[in-house]
Every structure is written in C-alpha cells, then in structure tokens.
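Undergrad: the following block contains a protein sequence and its predicted model.
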Amino acid sequence: MGASISTTQGRQSKMLGLGVHRPERVVTNDEICEFIDSSDEWIQTRSGIKNRRFTKPEQNVVYMSIEAGRKALEASGVAAEQIDTVIVATSTHLEQTPQAAAKVAHALGTNGPAAFDIGAGCAGFCYALAVASDLVKAGTSRHVLVIGAEQLSETTDPYDRTTRFIFADGAGAVVVGQSDETEIGPAVWGSDGSQADAIYQTVDWYDYIMKEGIERPWIKMNGISVFRWAAFEMGKAAQKVLDVAGIKTDELHAFVPHQANSRITELLARSLNLNEETTVANDIAETGNTSAASIPLAMEELLRTGKAKPGDTALLLAFGAGLSYAGQVVKLPTL
C-alpha cells in the first residue's frame, strides 16, 4: 500500500490520466551556440541541459494544448463531452483575447465548458492543478482538463546568452476527477513580488506598438537571483507541502520538481534527505525548461521510462516568475 495523503472528509480528487506533446524538432546545445557565446560543456555544467524541443511558430500554445489534451482524455477514459472545465496554464499565449482555454475546449469537442487561463509562470501547472482539485472537491466541476503549455522559443531572444539555452517548448495535460480517496493533496503556494524583476518581460506590448525604436519584448532573467531563491526557499516550501499532506520523505516514491536547473534539483533533493530509492525527475536534460509545461512533462518521462508507476506517491514542486511557487503531494496518473 502507498502512503495516505491527509485531508478533510468529503468528496476528493485525483488525476485520472496524463498526456503530453513534445515538439518534433530537437535543438542541441551546439545549435544554440551558433547564436550565443557559449559551449555544450558550459551549458551542461551550468544547467544539466543537453537538448531541448522547439515547435514550429504556427504550432503555438493552443496547438500544443490540443495535442496534449487529446492524449490526456484518451489516457483517462473520459470523453470530451464530460469535461466541464478547461484550465490552461501559460505565459506564452500571445493573444490578449480570447483565452487559450476556450479555443482548446472547442477544438477538443467539449460542450462549451468553463474555460480560463492561469498565468503564474513556471508554477502555473501546480496552480492550475490546485484550482482544479478544489473545483472537483467543491462539486463545482466533475471533470477538469488541466494543461500547462509554453512556446518559449518565440519569447526568448536567440542572441541572449542568459536565457536562450534554458527555455524550450512543450505541453502536458491531466484530467482531474472525483475520487473516494485523496490523490491530490492540499496545495502550498505563495509569491514574492519584491523579486518581480528576477524574471520579466523587457517592455510591455503597448510601448512596443506605440513608441518608435523599441526592440520587441523578450523574456529576461536574473539567473543568480532565481537560483538563490529557488535553492534555499523552495526547500522550505517542499517540506511544508509534505507536512500539510501528512507524508514523510521515506513514503515518497518520486520527487518531481520544476525542471529549471539540474543543480537546483540536486540541492532541493538533498535538503529533503530523500531515500536513495526515491526517484528524482531529470527531464531537463532532454527537454530543457518548459515553464508551466515542465511538471507534467517530467511526470510523463518518469512513467514512460518505468522509473515510476501509476499510483506512486509523488511530491510536485514548481517555482518561477512572480516570483511564485506551488506544490502538492499527488498519486501519479496513468498514461
């Protein structure tokens, strides 16, 4: 028997199925270094990244969300018509309106469910999962499709040495539904707006349109600030997630942190004193940092490779722009 996640009495929630979309195009470090002053060795040493995926410009957040969402529906055994809420977590849907979720819901053949986007940077998927879980537990929704999707290849400057090698594209989705037992634990989340400039957009779109001589907006990052915050503050947040779920570290089968940097992952795993048997996700090596898509893509890699299995107890922890963070203990879904 796996560990039991603590909760209050009443209707509970679970992830019923998982699906992802990984773009076909693999971009090596050597290709990235054609535009920035760096090397494959330097990138791997600093980030753990060997390759990443870039999508075609037209295969945007909506396209990738549809692809991942369709696979999640198949894995869950839930028909599109049964979905009553669609949530897309993203920072790279480049239309002010309409929201990506409404387009995705329509394309998947749902019957006009509630549909909205969540913008919480790299923490977006865990934010959306928390909202979906609460909607199901409250009885507001019966089946929620949660998607994290990003097209960061279009929002990072190809010549920016500080960001270009890190970020990538992809999407991951889960269907959240009702359960007799708790399989999605309470969320621990928060933000630190005093560090809003640690990850930011260089200029707003209005200024870009209205003022002459302004370069188009790009995502920039103060890597040192983010690294320090994540490496030291997120260990405390991870412990809080375990505490509210009533789970001890030796009861975890897997740790799935946001795939931001392999060195951050190592520090967080060490701070939790994880058992040697606990699998730690390392999808960043071949996928890069996909922001809101990072957590579901990392879960899929663990399940696909057999490093973890459906029903295993896992700690999810996401963090990024805002600065914001969120985490919960979950039972892993089926593929």
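TA: Structure's in. What do you need? What you see is a predicted model; the values in this text were computed from it and never measured. Residues are numbered from 1 along each chain as shown.
Undergrad: check for me that P186 belongs to a strand.
TA: No. Applying DSSP: H, G, I helix; E, B strand; the rest coil, one finds P186 to be coil, outside a strand.
Undergrad: and it, how many residues sit next to it?
TA: Using other Cβ atoms under 10 Å, P186 has 20 other residues around it. Heads up, the C-betas are built off the backbone N, CA and C, glycines and all.
Undergrad: from S13, how far out is it?
TA: Distance from P186 to S13, counting by Cβ to Cβ, to the nearest Å: 11 Å.
Undergrad: ok, now G311?
TA: For G311, the distance to S13 (Cβ to Cβ) stands at 15 Å.
Undergrad: over to A198?
TA: When A198 is compared with S13 (using Cβ to Cβ), they lie 32 Å apart.
Undergrad: those two: which is more packed in?
TA: S13 (26 against 22).
Undergrad: and the more buried one, how far is that from K331?
TA: The gap separating S13 from K331 is 10 Å, by Cβ to Cβ.
Undergrad: what sits in contact with each of those two?
TA: Shared contacts of S13 and K331, defined by Cβ atoms under 8 Å, 6 or more residues apart in numbering, comprise E183, I184.
Undergrad: need the helices for this structure, in chain order.
TA: For the chain, helices defined by DSSP state H occupy the ranges 29-32, 40-47, 61-76, 100-107, 124-138, 205-210, 223-245, 262-271, 284-287, 294-304.
Undergrad: figure out which of the ones you listed is closest to L145.
TA: helix 61-76 (5.6 Å; Cβ to Cβ).
Undergrad: so who does the closest residue to N273 other than its chain neighbours touch?
TA: Sequence neighbours aside, T249 is the residue nearest to N273 in space, at 5.9 Å (criterion: Cβ to Cβ, 6 or more residues apart in numbering). Listed by Cβ under 8 Å, 6+ apart, the contact set of T249 reads L242, L272, N273, L274, N275, T278.
Undergrad: could you do A293 as well?
TA: V20, M64, F125, G148, A149, E150, D169, G170, A171, G172.
Undergrad: the spatially closest residue to Y325 that is not a sequence neighbour: how many residues sit nearby?
TA: Leaving out its chain neighbours, the residue that sits closest to Y325 by Cβ to Cβ, 6+ apart is F319, at 4.0 Å. Neighbours of F319 under the rule other Cβ under 10 Å: 29.
Undergrad: and the gap between F319 and I43?
TA: Counting by Cβ to Cβ, the gap from F319 to I43 is 21 Å.
Undergrad: which residue is the nearest non-sequential neighbour of M299?
TA: V256 (5.7 Å).
Undergrad: likewise for V136?
TA: Nearest to V136 is S13, by Cβ to Cβ, 6+ apart, at 4.2 Å.
Undergrad: now do stretch 277-286: distance to the chain's middle.
TA: Remark: stretch 277-286 is offset 14 Å from the chain centroid, using Cα atoms, centre = their mean, to the nearest Å.
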